[in-house]
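>>> coords please:
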Amino acid sequence: MFLQLLGIAFLGLIVISAAGGSFLLWKGRYLHKIRASIQGTPSEVTLVKDSKPLWIRHPRAQSAIRILEHLGFEKGDCYRVSELSGVRLVGLVCPTDHIMAALHRHDGMGVFVELSVFFPSGEEITVTDAPHGEGMEVRPGVTRVYLKKARVQDLVLEIRKRIMHRIGVPVTNERFAEIYEAAYRKEMEWRNAKGGVSEKEVSQVMATVVAGPSAGEVQVVMEDSKLSEILRWESDVLSYLKHSEDLSVGQWTTYEASMLLFSESFHPKAYVHYLAGKLGIGEWLIPYYLELTGKMPLSEVLRSVVADQRGHMELLAHIEAPIQAQIFGIKRSGEAVRTTLKLKQVEPATRAGGVSE
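Here you go, the predicted structure:
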């Protein structure tokens, strides 16, 4: 449920850009420019009640709410998503069928409806008229049906047909935010565990928007998507460490600026652009490092980049969630000695196949 707010929405918007001939070209660009162009997909979201939901005055939203209420749904609160500034939604539930409805307003996707039911077995069914998402893999036990441009009443009819005589888990408007956040978190944990979006998914999603995308176009979108994932994982790790250590504001700022996330499983070209933004690599050097990714393991590419920047890597931690990765502190010649951290959850031993200094 609610995967449209994850990689699907992000990926769909990139594909639309590609279809218009405005691919985000990486060559000669720094990561901070990419950060400004791409809204990441957090591993968790927080719903906050929206006291001024002006968007629900939109005729499409008004019509959807009216139809859902006529079909037995009860309107709940309006929300904004703290981690995603372009997302608003209103919750509704059908207490007799145990169906949960989320009417979304997304800056890039417009207004769309998701209807979901959860069963005690862990199975889930979602029916939506979201414009993007077909082609993305779904979690085992999850059925996701896309009915683009369908009427709201047809969405309700479809999910009721699929429910048959089964009884779903009871849902209430009072628990809407809790259920929504838990469903999002469960979906992201599964996606993180499988290594994020795959090239097959990228190709399949693009095929729903672009007629016969070339291999080069698929690769450009793939690299954008994988870079977004690395940035999200880094943000998750920083958030964990920030709340697990007793650091002053000055200490935390210094540490955050010197941290690098690494895993041999990262997309090589996306990781080079990640390093370019973190270490301020000159744009003329980026093609050189991109070429290295085809000649040596990513760990060797990392060593080469840090050495060329006259830096020294210090292994700070191993992280198990949201992905298995290593954290390195980077010290450069001439810089003041950085704060030594005693991380609670980690062991200094290096994993097999990882980078060690």
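
>>> where do the helices sit along the stretch 101-250 of the chain?
152-163, 176-193, 199-207, 215-244, 249-257 (DSSP state H, counting those that start in this stretch).

>>> Quick one: work out the angle between the third one and helix 215-244.
So that's helix 199-207. 120 degrees (axes from the mean of the first three to the mean of the last three Cα atoms, to 10 degrees).

>>> For helix 199-207, buried residues please.
For helix 199-207, a neighbour-count test (16 or more other Cβ atoms under 10 Å) marks E201, V202, S203, V205, M206 as buried. For every residue, glycine as well, the C-beta is placed using N, CA and C.

>>> Determine which two of the residues you listed are furthest apart.
Within those, two members stand farthest from each other by Cβ to Cβ: E201 and M206, at 9.5 Å.

>>> intersection of neighbour lists for these two?
Common neighbours of E201 and M206 (criterion: Cβ atoms under 8 Å, 6 or more residues apart in numbering): G135.

>>> circling back: out of the helices of the stretch 101-250 of the chain, flag the one nearest Q324.
Ranking the helices of the stretch 101-250 of the chain by proximity to Q324 (Cβ to Cβ) places helix 176-193 first, at 9.5 Å.

>>> List the buried residues of the closest one.
Residues of helix 176-193 classed as buried: F176, A177, I179, Y180, E181, A183, Y184, K186, E187, M188, R191, N192 (neighbour count, 16+ other Cβ under 10 Å).

>>> centre of the chain versus it, how much separation?
Relative to its parent chain, helix 176-193 has a centroid offset of 11 Å by Cα atoms, centre = their mean, to the nearest Å.

>>> relative to helix 215-244, how tilted is it?
120 degrees.

>>> helices and strands around helix 176-193, which ones?
strand 47-49, strand 74-81, strand 84-94, strand 99-106, strand 110-118 (3 or more Cβ pairs under 8 Å, 6 or more residues apart in numbering; DSSP states H and E).

>>> nearest spatial neighbour of D107, skipping sequence neighbours?
G86 (3.3 Å; Cβ to Cβ, 6 or more residues apart in numbering).

>>> My read is that the one you found contacts H104, right?
No. G86 lies out of contact with H104 (Cβ atoms under 8 Å); the separation is 10.4 Å.

>>> These two: which is more packed in?
H104 (23 against 15; other Cβ atoms under 10 Å).

>>> thinking again about what came up before, just tell me which of the helices and strands packed on helix 176-193 ends up closest to H273.
Nearest of the helices and strands packed on helix 176-193 (Cβ to Cβ): strand 84-94, 22.5 Å.

>>> For this protein, which residues score under the pLDDT cut-off?
1-41, 209-210, 242-257, 332-357 (pLDDT under 70).

>>> care to break it down by domain?
With domains defined by automatic domain parsing, the chain comprises 3-9+57-193, 215-332.

>>> that older thread, deepest in the core, which of the helices and strands packed on helix 176-193 is it.
Comparing those by mean neighbour count (mean count of other Cβ atoms under 10 Å), strand 99-106 comes out on top with a mean of 25.
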